[in-house]
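Sequence first, then the predicted structure, then my questions.
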Amino acid sequence: LSRVARARWNQLAGAALLAGAVTYFLFRRGAVPTLNRLLAKFPAGYRAGPLPTLGQATGLDPQVATAIVAALVGAVAAGVVLFVYASRALEAARDPYETRGSPADIDLLSLDASAIGVTPPERFEEMNEGEATELAREALHDQDDPEKAQAILDRYDEVQERLEEEDEAEAEDEGSGAMASTTAGVDVGGYYYDIAFILESLTSRAFRIVGLFGVVMAGTFIYLYRGGIGDIRQAFLSRMPPEQAAQVDIVTLHPVEALIFSIKFATLLGAVATLPLILYYVWPRLKERGLVGGDRRVLGLWAVTLLVGLVGGSAVGFFVVAPAIISYLARDAVEASMIISYRINNFGWLVVFTTVGIGLLAEVPVTMLLFHRGGLVTFDAMFGRWREVVMGIVIVAALVTPSSLLTMVVFSIPVAAAYMIGLAFLWVYTLGGRRTPRREGEAAD
């Protein structure tokens, strides 16, 4: 069980989180009162008494009781998933080398990679592309053995190439069809296998990635929860004219509104902090598949510049941009004899966009320069795809901002402008595109 649990920890964690989240959501949304209303519609003789809520049944705070029940349900779900995978592992380990008398009946998934390389060709002669891809997928995901998956595809290619050579003598059209079928090992089921091959490189480093994400997220959340929001508010108001600062008020419409904002912001910082680390770990696999090129050490430098850019840009936004914008908004509202009351969620994101947002905007041209110098993404590629990039920025802005055309424009125009500034700088730096970076080597086809 321990071996299966270690190999399938991500599926177990996903099942536990999903089951726990659904349980917590249902109980917090009034699952027990809804069930009592449904029971009340039954005839009196068949009607069960009203069910107590979790708080009434346990004597605990409703939120605490709901969290405990959600954790228990998540643990049960993880146990069920573990039992299913353990059963599959035991079934796969039974009679591993039994061939049942015929080469066509050999169980390839029970063999290791070296044994598959010498498997009789009869096992692969009647196999089609879909079956080979499915066997490779099961070896990769169910058994976590990429070498076996590649061995299946290589052996399939070898047998199919031999059959192709024999068929070419009989008919040219059959030969061309056979050649098309031999691309299964290279294509490996299309992009699905490529993505799985790349993500497999993160499994051994998941502890570091999750650890960094957890440290950044927990540190940010603890700071905000222990009075950080009040410190930020005081710092902003202290940089505004006193007569305007006195008119600004921040209200909380829901008891957990500040908590939700803290969680969202902490999660955002955690994701930004782990992005360079994830790219650093997956880069060798991306390069091996021929999807990218260049020196991955640039990603380490990019992580440093990302941190410096965020800190420096956030400082400029905090001390200059944000107070000026908020002062302008406050002055305009005060002159119109309006009472200024910011919801804590809106005020918090206004602070984020005018501080961290400035740092991210400054990071766009720097990132473009580093990626060009390292051969990751050249100036020609950036310039040739600028329309797609701008359209992607607008689409992302429409998805991540509130449902308003104004917020989409306010978000997308500065980012697109920063990208254009980066292109202009690279055009000068590369002498109009004639100066290309020196690459380590060409990417594979």
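That came in fine, so what should we check first? Not measured: the values here are computed from a predicted model. Numbers count the residues shown, from 1 in each chain.

Please make it C-alpha for all contacts and neighbour counts, starting now.
Will do.

what about the residue nearest the centre of the chain, distance to Tyr429?
What sits nearest the mean C-alpha location of the chain, by CA atoms, centre = their mean, is Ala271, with 8.6 Å. Applying CA to CA, to the nearest Å, one obtains 31 Å for the distance of Ala271 from Tyr429.

likewise Val159?
Distance of Val159 to Tyr429, given as CA to CA: 52 Å.

Can you tell me, leaving aside adjacent residues, what's nearest to Leu277?
Leaving aside its chain neighbours, Leu277 sits nearest to Ile209 (7.1 Å; criterion: CA to CA, 6 or more residues apart in numbering).

Please report the distance of the one you found from Glu125.
Computed as CA to CA, the Ile209 to Glu125 distance reads 44 Å.

out of the two, which sits in the more crowded spot?
Neighbours per residue (other CA atoms under 10 Å) separate Ile209 from Glu125, with Ile209 holding more: 20 against 14.

which residues does that one contact?
Taking CA atoms under 8 Å, 6 or more residues apart in numbering, we find Ile209 in contact with 274, 277-278.

just Leu54 next, same as before
With contact taken as CA under 8 Å, 6+ apart, Leu54 is in contact with 60, 62, 65-66.

my read: Pro121 touches Val159, true?
Yes - if you go by CA atoms under 8 Å, Pro121 and Val159 touch, sitting 6.1 Å apart.

and Leu51, what element?
Here Leu51, judged by DSSP states H and E, is contained in no helix and no strand.

per-residue confidence at the residue lying closest to it once chain neighbours are set aside?
Taking CA to CA, 6+ apart, and ignoring the residues beside it in sequence, Leu51 has Asn36 as its nearest neighbour in space, at 6.4 Å. pLDDT recorded at Asn36 is 76.

All further residue positions should be reported with the first residue as 36.
Sounds good: first residue 36 from here, last item Asn71.

any idea how far Ser439 lies from Ala432?
In this view, Ser439 and Ala432 are 10 Å apart by CA to CA.

More neighbours: the two, which one.
Ala432 (21 against 9).

pLDDT value on that one, please?
Listed pLDDT for Ala432 reads 82.

these two touch, right, it and Met443?
Yes - in this structure, Ala432 sits in contact with Met443. The criterion is CA under 8 Å, and the distance is 5.1 Å.

How many residues are close by Gly392?
Neighbour count of Gly392, defined by other CA under 10 Å: 21.

What confidence value was assigned to it?
As predicted, Gly392 sits at a pLDDT of 77.

Could you look up the SS state of it?
Following DSSP: H, G, I helix; E, B strand; the rest coil, Gly392 is assigned to helix.

which one is it nearest to, not counting chain neighbours?
Nearest residue to Gly392 in three dimensions, chain neighbours excluded: Ser349, at 7.4 Å (CA to CA, 6+ apart).

how much space is there between the one you found and Ile141?
Ser349 is 62 Å from Ile141, by CA to CA.

Could you list every helix and strand that the helix or strand containing Glu173 packs against?
Taking DSSP H and E as the definition, Glu173 sits inside helix 164-176. With contacts taken as 3 or more CA pairs under 8 Å, 6 or more residues apart in numbering; DSSP states H and E, helix 164-176 sits against helix 181-203, helix 219-222.

Format the CA atom coordinates belonging to it as CSV.
Once non-C-alpha atoms are left out, helix 164-176 reads as follows in CSV (Å, rounded to 0.1, in the frame of the first residue of the first chain):
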residue,chain,number,x,y,z
GLU,A,164,-1.9,2.1,-33.7
GLY,A,165,-4.7,2.7,-31.2
GLU,A,166,-3.8,-0.5,-29.2
ALA,A,167,-0.1,0.4,-29.1
THR,A,168,-0.9,3.9,-27.9
GLU,A,169,-3.3,2.7,-25.3
LEU,A,170,-0.8,0.2,-23.9
ALA,A,171,1.9,2.9,-23.8
ARG,A,172,-0.5,5.2,-22.0
GLU,A,173,-1.3,2.5,-19.4
ALA,A,174,2.4,1.8,-18.9
LEU,A,175,3.1,5.5,-18.4
HIS,A,176,0.2,6.4,-16.1
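
For Ala148, which non-adjacent residue is spatially closest?
The shortest distance from Ala148 to any non-neighbouring residue, by CA to CA, 6+ apart, is to Lys183 (4.5 Å).

who's in contact with that neighbour?
The neighbours of Lys183, taking CA under 8 Å, 6+ apart as the test, are 147-148, 151, 171, 174-175.

domain parsing for the chain?
Residue ranges for each domain of the chain read 37-127, 138-224, 236-464, as given by automatic domain parsing.

Let's test this: mean pLDDT of the second one, rounded?
Meaning domain 138-224. In this model, domain 138-224 has an average pLDDT of 69.
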